[in-house]
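Student: sharing a model that was predicted from the sequence below.
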Amino acid sequence: MDQLVLVFLVLFATIMAEPLSRRIGLSSAVLMTVFGIVLALIPRVPEIHIEPELILPLVLPPLLYASARRTSWRQFAENWAPILMRAVVLVILTAAAVAAVFHAWYPGLPLAAAVALGALVAPPDPIAATAMASKLGLPRRLVSVLEGEGLFNDVTAVVLYGLAVKAVVTGKFSTLGALGEFVLSAVVAVIVGLALGWIGSRLMNRLDEAAWKVALSLLLPFAAYGIAEAWEGSAVLAVLVCALYLTDAVADSGDSAYRIVGDSFWEITEMLVSGFAFGLIGLELSAVLDVVGHDWTRLIGGAAAVVGVVVGLRLVWLLGTWALLGPWRNDRDADEPYTWKETIVTWWAGMRGVATVALALAVPLTTDSNAAFPGRAEILFTAFTVVLFTLLLQGPTLPLVVRLTGVHADTEAERKLERQLWGRVLQAELSRLKQIAETQDLPDDLYERMRDRFMHRLARADPEAADEDAKANAQKELQLVGRMRDISSEVLAAGRDEAMAARREPGMPPDLVDRVMRRLDLRAGPIR
């Protein structure tokens, strides 16, 4: 089996893992990690050769952009306190605690090497946690905080990791210099992210085709990462700033084609890239075992101690901040009060993943003096132990923890909010229809028919906002919706069958048929 076949096999497994995870209730990230481990243990399967320094630049930009599309600056602003407490303060504390334990276990290793390990195991993975949280029916606010933590904690971790590795490689470290580099990297990242976001939004608004806009949205995160890294800025923060800017700036309410194409493209991209990344975690296990050799029995104690620190400190920190800050929380807009049970779920959702593995594999082989990087085998083994423990134990048991704690979203409140939004949307439509009727001298019968149509939709979406006639007609109309949907589906299917039959006829241009098919597909939504 060569490298290309192995890559295609992992990607194929990524697709198959999605329906399987839905059927058996396990996260696709867990399934892909297990699949990678199984492949790694098969003797005839070759090691996959990807340069460690290329893993983060290839994996993080599309995944961060895909995640940022589901959030906004406003959502981050609403949850800035818990996000920063976890994405910055908790990451730094975890890195320090892990470094202290690791250095005490291996006193012969430099403290900076221990800090590098602490930095790379500190950030929970944004993909694994939020993918599972969104499928478990957790409160939306809880998922938002997990997503925000996962998006921003890599920024802190990568900067700490870079400073620690640089100290080991060069043998020089300055606290004042490190703080200066930290601030400078953040400033450079924000400037790069905002600049590329602004340029990208202007270009997208001038592109006519949805495919062109989506292609540009794919390139911009990679550009932000590369430019920020070249200018010694935080590449992860630059991608996030660029993605959040683009998500808000390119929101054109009339560009439905871009939303349809973009949503489909990024859903596919996120699935394939994240699946491949977690498969890579399992595959790289063989490389780690080759480095460690038979010493793994000697290293298991230190790895277990680090796992205990990583998991235990997160619990202590979350429970402590909940106990101290809970009484001052404003829960009026929350799905439900922020309880200790939600804190337990948030704690157990702190799985490590792609960033930890990529940073561990990127640890240099030698220092500037051509000496072997001190403790590299211990760092690799410990990092993979933390990842496998959190993914393969916390991941499969997270649904059980959710059931035992009884944490769930208030779906009725969410449905009510959705109905209210529909009411606002349809009221705006009615208002605009009335303006058009007055300014363009619309015939009364046409105006009344169109108004009745919109009022029926409003009555179904938000009965309180509709008049009495619309409410009465809405119930009757609802009874016909199911039948109309079935009839419409059959009618549209007949049209598509005819178009596909024409595609096979001589003299009929296939691209012409494809244009017609696209328009047929776009109008094939459910009757409203």
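Tutor: Right, received. Where do you want to start?

Student: got the contact list for the closest residue in space to Val98 that isn't next to it in sequence?
Tutor: Nearest residue to Val98, sequence neighbours excluded (CB to CB, 6 or more residues apart in numbering): Gly118, at 3.6 Å. Quick note: C-beta positions are derived from backbone N, CA and C, even for glycine. Gly118 makes contact with 94-99, 102, 160, according to CB atoms under 8 Å, 6 or more residues apart in numbering.

Student: recalculate using a threshold of 7 Å.
Tutor: The neighbourhood of Gly118, defined by CB atoms under 7 Å, 6 or more residues apart in numbering, consists of 94-96, 98-99.

Student: centroid-nearest residue for this protein?
Tutor: Taking CA atoms, centre = their mean, the centroid of the chain lies closest to Ser67, which sits 3.4 Å from it.

Student: wait, Ala383 touches Val121, no?
Tutor: Yes: counting by CB atoms under 7 Å, Val121 is a contact partner of Ala383 at 5.8 Å.

Student: sorry, back to before: of the contacts of Gly118, closest to Ile48?
Tutor: Val98 (27.7 Å; CB to CB).

Student: what helix or strand does that closest one sit in?
Tutor: Element membership for Val98, per DSSP states H and E: helix 91-105.

Student: of Ala383 and Val121, who's got more company?
Tutor: Counted by other CB atoms under 10 Å, Ala383 and Val121 do not tie: Val121 has more neighbours, with 30 against 24.

Student: how about the contacts made by the nearest residue to the more buried one once chain neighbours are set aside?
Tutor: Nearest residue to Val121 in three dimensions, chain neighbours excluded: Val386, at 4.7 Å (CB to CB, 6+ apart). By CB under 7 Å, 6+ apart, Val386 lies in contact with 121, 306-307, 310, 352, 356.

Student: Val292 too?
Tutor: For Val292, the contacting residues are 299, 377, 380-381, by CB under 7 Å, 6+ apart.

Student: for Val516, same thing?
Tutor: The contact partners of Val516, taken as CB under 7 Å, 6+ apart, are Ala499.

Student: show me which residues of the helix or strand where it lies are buried.
Tutor: For Val516, the host element (DSSP H and E) is helix 510-522. Within helix 510-522, the residues that qualify as buried are 513, 517, counting by 16 or more other CB atoms under 10 Å.

Student: now do stretch 273-291
Tutor: With burial defined by 16+ other CB under 10 Å, the residues of stretch 273-291 counted as buried are 273-289.

Student: mind checking the SS state of His408?
Tutor: coil (DSSP: H, G, I helix; E, B strand; the rest coil).

Student: how many residues are close by the residue lying closest to Asp514 once chain neighbours are set aside?
Tutor: Distances taken as CB to CB, 6+ apart put Arg503 closest to Asp514, at 7.9 Å, once the chain neighbours are dropped. Arg503 has 16 neighbours, counted by other CB under 10 Å.

Student: picking that back up, can you put the contacts of Gly118 in TSV and add neighbour count?
Tutor: Converted to TSV, these look like this (neighbours: other CB atoms under 10 Å):
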residue	neighbour count
Thr94	26
Ala95	25
Ala96	17
Val98	26
Ala99	24
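
Student: which one among the residues you listed gets closest to Gly233?
Tutor: Taking CB to CB as the measure, Gly233 lies nearest Ala95 of the contacts of Gly118, at 20.4 Å.

Student: excluding its backbone neighbours, what's nearest that closest one?
Tutor: Once flanking residues are discounted, Ala95 sits nearest to Gly118: 3.5 Å by CB to CB, 6+ apart.

Student: got it, and Leu31?
Tutor: Ala17 (4.4 Å).

Student: quick check: buried residues in the strand or helix carrying the one you found?
Tutor: Assigned by DSSP H and E, Ala17 belongs to helix 3-24. By 16+ other CB under 10 Å, the buried positions in helix 3-24 come out as 6, 10, 13-14, 17, 21.

Student: and that helix, C-alpha only, in PDB?
Tutor: Output in PDB follows, covering the C-alpha atoms of helix 3-24 (Å, rounded to 0.1, in the frame of the first residue of the first chain):
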ATOM      1  CA  GLN A   3       0.900   6.800   0.400                       C
ATOM      2  CA  LEU A   4      -1.700   7.900  -2.000                       C
ATOM      3  CA  VAL A   5      -3.800   4.800  -1.500                       C
ATOM      4  CA  LEU A   6      -3.500   5.300   2.300                       C
ATOM      5  CA  VAL A   7      -4.800   8.900   2.000                       C
ATOM      6  CA  PHE A   8      -7.700   7.800  -0.100                       C
ATOM      7  CA  LEU A   9      -8.500   5.000   2.300                       C
ATOM      8  CA  VAL A  10      -8.600   7.500   5.300                       C
ATOM      9  CA  LEU A  11     -10.800   9.900   3.300                       C
ATOM     10  CA  PHE A  12     -13.200   7.100   2.400                       C
ATOM     11  CA  ALA A  13     -13.400   6.000   6.000                       C
ATOM     12  CA  THR A  14     -14.100   9.600   7.000                       C
ATOM     13  CA  ILE A  15     -17.200   9.500   4.800                       C
ATOM     14  CA  MET A  16     -18.300   6.100   6.100                       C
ATOM     15  CA  ALA A  17     -17.700   7.200   9.700                       C
ATOM     16  CA  GLU A  18     -20.500   9.900   9.500                       C
ATOM     17  CA  PRO A  19     -23.500   7.600   9.000                       C
ATOM     18  CA  LEU A  20     -21.900   5.000  11.400                       C
ATOM     19  CA  SER A  21     -21.500   7.600  14.100                       C
ATOM     20  CA  ARG A  22     -25.100   8.600  13.800                       C
ATOM     21  CA  ARG A  23     -26.200   4.900  14.000                       C
ATOM     22  CA  ILE A  24     -24.100   3.900  17.000                       C
END
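
Student: quick check: mean pLDDT of that helix?
Tutor: Across helix 3-24, the average pLDDT comes to 87.

Student: for it, packing partners?
Tutor: In terms of contacts (3 or more CB pairs under 7 Å, 6 or more residues apart in numbering; DSSP states H and E), helix 3-24 is packed against helix 28-41, helix 256-292.

Student: Gln420 is nearest to which of these?
Tutor: helix 256-292 (21.8 Å).

Student: can you tell me the average pLDDT over that closest one?
Tutor: 81.

Student: so how far is Arg202 from the residue nearest to Ala95?
Tutor: Applying CB to CB, to the nearest Å, the value for Gly118 to Arg202 is 42 Å.

Student: chain neighbours aside, what residue packs nearest to Ala178?
Tutor: Leu163 (5.0 Å).

Student: so the one you found sits in a helix?
Tutor: Yes: applying three-state DSSP, one finds Leu163 inside a helix.

Student: what is the burial count for it?
Tutor: The burial count for Leu163: 21, using other CB under 10 Å.

Student: same deal with Ala68?
Tutor: Per other CB under 10 Å, the neighbour tally for Ala68 reads 24.

Student: do the same with Leu142
Tutor: Residues near Leu142, counting by other CB under 10 Å, number 25.

Student: do the one 5 residues further on as well
Tutor: For Glu147, the neighbour count with other CB under 10 Å is 23.

Student: that one against Ser67, yeah?
Tutor: Yes: under the criterion of CB under 7 Å, Glu147 makes contact with Ser67 at 6.2 Å.

Student: chain center to the helix or strand harbouring Ala77, what's the gap?
Tutor: Ala77 is part of helix 73-78 when elements are defined by DSSP H and E. Its chain's average C-alpha position is 16 Å from that of helix 73-78, according to CA atoms, centre = their mean, to the nearest Å.

Student: extract the CA atoms of that helix and return them as CSV.
Tutor: What follows is helix 73-78, C-alpha atoms only, in CSV (Å, rounded to 0.1, in the frame of the first residue of the first chain):
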residue,chain,number,x,y,z
TRP,A,73,-18.2,38.8,16.8
ARG,A,74,-21.4,39.5,18.7
GLN,A,75,-21.6,36.0,20.1
PHE,A,76,-18.0,36.2,21.2
ALA,A,77,-18.6,39.5,22.8
GLU,A,78,-21.6,38.1,24.8
